[in-house]
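> Provided below are the primary sequence and the corresponding predicted coordinates.
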Amino acid sequence: MRSRSFCDARTSLRAQVLRWRLDACAQLAHRTGGATSARRLKSSRYMARRRRILFPGAVYHVMARGNRRTRIFEDDTDCERFFTLMSEAVERYEVRIYAACLMVNHFHVVGETPRGNLADAMRFINGVYAQWSNRRHRRTGHLFEARYRSIVVQREAYLKRVARYVVLNPVRAGLVATPGAWPWTTYRGTAGLEVPQDWLSLEWLDWAFRAHSRGEAILRYQEYVNLPAKNLKHADGLAIGGTAFREQVAAFAHASACDRSLPSVNLVRSRPPLDTLFAARSVGLSVDRRSIYEAHVHHGYRQGDIARQLGLSPSTISRIISARRQPTRVRMPG
């Protein structure tokens, strides 16, 4: 009886706290004429922290800042270590990095998660780096001021805008005159000024700039980076893209917040079904190993699902995927 009373009391308390939060939101909406902004709600102490928007194939602009805006990169050794962890994350979590910039007290990364596992990759990068940095510099406490911030990016029209915004950070901060003068961005590798880091993905240049060759895409990228950049900030802070895209992301975020059992499926960008990816199999032809690799890494399908679709063993699929992966050695700017 005593245990039951305690549970009833705890349930009642939770219900009361929920009512307080709802009342606070209603009052805030009333004071703003029903147009409560996401920024006002975010700053309210009654609101729980926003859940991550995670789904296979999502493209993100990821940012994190030092605690109390202090340095997180003290010297080149720190930057090299962070890039090495990014390399390991690409191999371990099969994420794709399109652009990155390490500043003194914060960093920016643009990447894609074919498996919808941004949280796992960033937990590894930030967690391992924070522990390593504290040991190296004999510090204690939090290195980063808060969780990393992630904004979903509309791939078709906005990926190249965000990539440009990231590599121009040192120029806007007045640290250098040109993006190529800052050693800790991916600009030089992307622009063909030096051998790119092995973990840097460049295939997006071909379709983003509608080029017939990689060389043409690189030239267009160089020209584009030097164009005046538009402001990428949006009021909701959830997504960067067109109106319809941002509304879809907001609806997905709302559904996820209301139903915690909702799986993190792609409600924004659909992936082709397996029978379409392996159409050659249906007419008796052999399946290209590259198609198997892309189905797993690029489209986020599990190896077991691919094996069942093709009538192969999971171990065979695993060997094919492993054989296509290239070693990720970091080549730092000279």
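Now that the structure is in, tell me what you want to look at. Residues are numbered from 1 along each chain as shown.

> buried residues, the host helix or strand of Asn126. List them.
Using DSSP states H and E, Asn126 sits within helix 118-137. Within helix 118-137, the residues scored as buried using 16 or more other CB atoms under 10 Å are 118-122, 124-126, 128-130, 132-133. Bear in mind the C-beta positions are built from the backbone N, C-alpha and C, glycine included.

> now stretch 209-222
For stretch 209-222, by 16+ other CB under 10 Å, it's 209, 211, 217-218, 220-222.

> show me the contacts for Gly300.
56-57, 114-116, 271 (CB atoms under 8 Å, 6 or more residues apart in numbering).

> tell me the one of these nearest Asn226?
Among the contacts of Gly300, Gly57 lies closest to Asn226 (CB to CB), at 30.2 Å.

> quick check: the closest one touching Arg115?
No: assessed by CB atoms under 8 Å, Gly57 is found out of contact with Arg115, at 9.1 Å.

> mean pLDDT per helix and strand in this protein: which one sits at the bottom?
Every helix and strand of the chain was ranked by mean pLDDT, DSSP states H and E. The lowest is helix 38-43, at a mean of 43.

> can you name the next helix or strand after that one?
Following helix 38-43 in sequence order, the next helix or strand is strand 58-65 (DSSP H and E).

> parallel or antiparallel, which strands does that next one pair with?
Next to strand 58-65 in the sheet, as set by DSSP bridges, lie strand 106-113 (antiparallel), strand 149-153 (antiparallel).

> and the contacts of Gly300, which is closest to Ser315?
Among the contacts of Gly300, Arg115 lies closest to Ser315 (CB to CB), at 19.5 Å.

> do I have it right that the closest one meets Pro56?
Yes: at 6.0 Å, Arg115 and Pro56 qualify as touching, with contact defined as CB under 8 Å.

> if we can go back for a sec, could the buried residues of stretch 209-222 be laid out in a markdown table, adding secondary structure, distance to Val171 and pLDDT?
Output for these, formatted as a markdown table (DSSP: H, G, I helix; E, B strand; the rest coil; distance: CB to CB, whole Å; pLDDT from 0 to 100):
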| residue | secondary structure | distance to Val171 | pLDDT |
| --- | --- | --- | --- |
| Phe209 | coil | 21 | 93 |
| Ala211 | coil | 24 | 89 |
| Ala217 | helix | 22 | 95 |
| Ile218 | helix | 19 | 96 |
| Arg220 | helix | 19 | 96 |
| Tyr221 | helix | 16 | 97 |
| Gln222 | helix | 14 | 96 |
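
> got the contact list for the closest residue to Asp120 other than its chain neighbours?
Closest residue to Asp120 apart from its sequence neighbours, by CB to CB, 6 or more residues apart in numbering: Tyr93 at 5.7 Å. Neighbouring residues of Tyr93 by CB under 8 Å, 6+ apart: 113, 115, 117, 120-121, 124.

> quick check: the gap between Tyr93 and Ala251.
Here Tyr93 is placed at a distance of 27 Å from Ala251 (CB to CB, to the nearest Å).

> before we move on, what about Gly242?
As judged by CB to CB, Gly242 and Ala251 stand 14 Å apart.

> got it, and Ser291?
For Ser291, the distance to Ala251 equals 32 Å [CB to CB].

> between those two, which is the more surrounded one?
Set Ser291 next to Ala251 and count neighbours by other CB atoms under 10 Å: Ser291 wins out with 17 against 12.

> surely that one forms part of a helix?
Yes: Ser291: assigned to a helix according to DSSP: H, G, I helix; E, B strand; the rest coil.

> distance check, it against Val95.
21 Å.

> go on, Asp288?
Asp288 sits 23 Å away from Val95, taking CB to CB as the criterion.

> ok, now Thr186?
As for Thr186, its distance to Val95 is 14 Å (criterion: CB to CB).

> more crowded one of the two?
Thr186 (28 against 25).

> on that earlier part again, and which of the buried residues of helix 118-137 is nearest to Ser315?
In terms of CB to CB, no member of these lies closer to Ser315 than Asp120, at 23.7 Å.

> list the buried residues in stretch 311-327.
For stretch 311-327, the neighbour count (16+ other CB under 10 Å) marks 317, 320-321 as buried.

> I'd assumed Ala279 was in contact with Gln309.
No: when contacts are counted by CB under 8 Å, Gln309 is not listed as touching Ala279 (11.3 Å).

> so between those two, which is more surrounded?
Between Gln309 and Ala279, counting by other CB under 10 Å, Gln309 is the more crowded of the two (19 against 13).

> name the SS class of that one, please.
What three-state DSSP gives for Gln309 is helix.

> chain neighbours aside, what residue packs nearest to it?
Distances taken as CB to CB, 6+ apart place Leu274 nearest to Gln309, at 4.4 Å, with adjacent residues excluded.
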